[in-house]
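Asks: Any chance you can model this:
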Amino acid sequence: MSNKQLLQKIHKREFKVGIIGLGYVGLPLMWTFHDKGMPVIGYDIDEYKVKCIEEGTPYIKHLGVDKMKVLSESERCFATADFSRLVEADALLMCVPTPLNTHREPDMTYVVETTKVIAKHLRKNQLVILESTTWPGTTQELIIPILEEESGLTSGEDFYVAYSPEREDPGNAEFNTSKIPKVVGGHGEEAVELACELYNTSIVKTVPVSDTKTAEAVKLTENIFRSVNIALVNELKVIYKEMGIDVHEVLDAAETKPFGFMKFTPGPGLGGHCIPIDPFYLTWKARQYEQNTRFIELAGEINTEMPKYVVNRTLQALNSHKKAVNGSKVLILGLAYKPNVDDDRESPSYKLMDLFDSMGADVYYYDPFVPVIKKSREHAHWAGTKSVEWNKETIQQFDVVVISTDHDEVDYRELSEWNNLIVDTRNSMKHILSKNGKVWKA
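Replies: Numbering: from 1, shown residues only. Next up, the predicted model:
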């Protein structure tokens, strides 16, 4: 089949989109393609997710019941854990995790294993796209060699390969998947053209770049930018606190400048699957070129230290009430890494819980979006822990409440009435009067 015929198949919306990995990136992408009239196949090793899609049951809160029901009832969509059915898709989009290992180096296990599975079932004219965040050169140096060696086919002749980084922002109602432009880099002009035309069916805009490593660098740059600026305001928070200056008041005033300033907000540390992890992918790759990433690594150090700063402020707060952390009941308010979502990946709340626990505190959490902690390799010791109930009788029992995530569902006025000591890392209590040292900013 010629490139022209494949393009025609895309334009007729007969081009089947296969999405591998149905998590926080893959599932919204699946919905977006389906919503725009494309046939979609979802693949995941987790049979629970497959069953949820078949039954229309939400497992990612912000996607909602209505959308899941549409997917479950559609004739243009199905999910499967049977990877022999990869052959049925015309495009295969990899949305698998790219975490760090214990040495803070890229763990490419999921990408490599998924690529090997694809290679086993790869057929001519398929388009393979990696969406997972990774180091510049991954597609060219890792993905394509595996696909060619395992399948016996040639990229650019028998099949096509592209890279288009995910830009998902869970819970962002203003910018969902379809409204966020897609950067696309391909292995050859035909791959770029096919990938762009595919995304153009469902995404507001495509932004083609010269090659796959440039597209990979774009994603890292976006999140390094955020990491560095968050580190800056976190450092300013600590400095201004010693000067008796409220960093939030400073940032609010600085934001009124109509040019040359972009507001970032300090917090208890970095969370989510991107910002705490992505900078280290470039740091690792830069070492191969004998280049240092001092600025990036310094930002990482500052952000990593923020949970310790919060704990120290909490110790001061407890001390002001003549209490020791050892034996105190500590409530972490918010387990998700950002407001109004159920995504707890890399959440700084876990670091706070571990630190308080190591000091002998009795640690609990409250989060309306995360009723129970699921099993994970990073936080296996907290698996099965349930959120406390939100009522006066429960909340008043804690010696201190540490606001780690500022969910809109939380009534902070109620919190101020129910508990006598609150450590606020998100400026959530700014409109609520603090009496007798009740609210401490951290």
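Asks: going forward, measure contacts between C-alpha atoms and count neighbours the same way
Replies: Will do.
Asks: Just the strands from the stretch 301-442 of the chain, written as ranges.
Replies: Along the stretch 301-442 of the chain, counting by DSSP state E, counting those that start in this stretch, strands occupy 329-333, 362-366, 400-403, 422-424, 439-441.
Asks: should've said the stretch 1-150 of the chain
Replies: 17-20, 40-43, 77-80, 91-94, 127-130.
Asks: what's the answer for the stretch 151-300 of the chain, then?
Replies: 160-163, 182-186, 206-208.
Asks: now the strands of the stretch 301-442 of the chain as CSV including mean neighbour count and distance to Arg377?
Replies: Output for these, formatted as CSV (neighbours: other CA atoms under 10 Å; distance: least, CA to CA, whole Å):
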stretch, mean neighbour count, distance to Arg377
strand 329-333, 22, 21
strand 362-366, 20, 19
strand 400-403, 27, 25
strand 422-424, 26, 29
strand 439-441, 21, 32
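Asks: Count residues in the vicinity of Ser2, would you?
Replies: 8 (other CA atoms under 10 Å).
Asks: and the gap between it and Asp252?
Replies: 56 Å (CA to CA, to the nearest Å).
Asks: next one: Gly18
Replies: Applying CA to CA to Gly18 and Asp252 gives a distance of 45 Å.
Asks: More neighbours: which of these two?
Replies: Neighbour comparison, Gly18 and Asp252: the larger count goes to Gly18, with 28 against 13 (by other CA under 10 Å).
Asks: Surely that one is in contact with Ala89?
Replies: Yes. Contact criterion CA atoms under 8 Å: Gly18 and Ala89 qualify, at 5.2 Å.
Asks: which residues do the two both contact?
Replies: Counting by CA atoms under 8 Å, 6 or more residues apart in numbering, the residues touching both Gly18 and Ala89 are Ile41.
Asks: about what we covered before: possible to save the strands of the stretch 1-150 of the chain as CSV with mean pLDDT?
Replies: Converted to CSV, the strands of the stretch 1-150 of the chain look like this (pLDDT from 0 to 100):
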stretch, mean pLDDT
strand 17-20, 98
strand 40-43, 98
strand 77-80, 96
strand 91-94, 98
strand 127-130, 98
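Asks: Now tabulate these in a markdown table and tack on distance to Pro368.
Replies: Shown next, in a markdown table, are the strands of the stretch 1-150 of the chain (distance: least, CA to CA, whole Å):
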| stretch | distance to Pro368 |
| --- | --- |
| strand 17-20 | 29 |
| strand 40-43 | 29 |
| strand 77-80 | 29 |
| strand 91-94 | 31 |
| strand 127-130 | 33 |
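Asks: who does the longest helix seen in the chain touch, helix- and strand-wise?
Replies: In the chain, assigned by DSSP state H, the helix with the most residues is helix 212-243. Counting contacts by 3 or more CA pairs under 8 Å, 6 or more residues apart in numbering; DSSP states H and E, helix 212-243 packs against strand 160-163, strand 182-186, helix 247-254, helix 278-288, helix 294-320.
Asks: And it, what's buried?
Replies: Neighbour counts over helix 212-243 (16 or more other CA atoms under 10 Å) mark 212-220, 223-224, 226-238 as buried.
Asks: Could you do stretch 139-158 as well?
Replies: By neighbour count with 16+ other CA under 10 Å, stretch 139-158 contains the buried residues 139-140, 143-144, 146-148, 150-151, 153, 155-156, 158.
Asks: Quick check: mean pLDDT of it?
Replies: Averaged across stretch 139-158, the pLDDT comes to 97.
Asks: Can you get me the start-to-end distance on that stretch?
Replies: Start and end residues of stretch 139-158 are separated by 17 Å (CA to CA).
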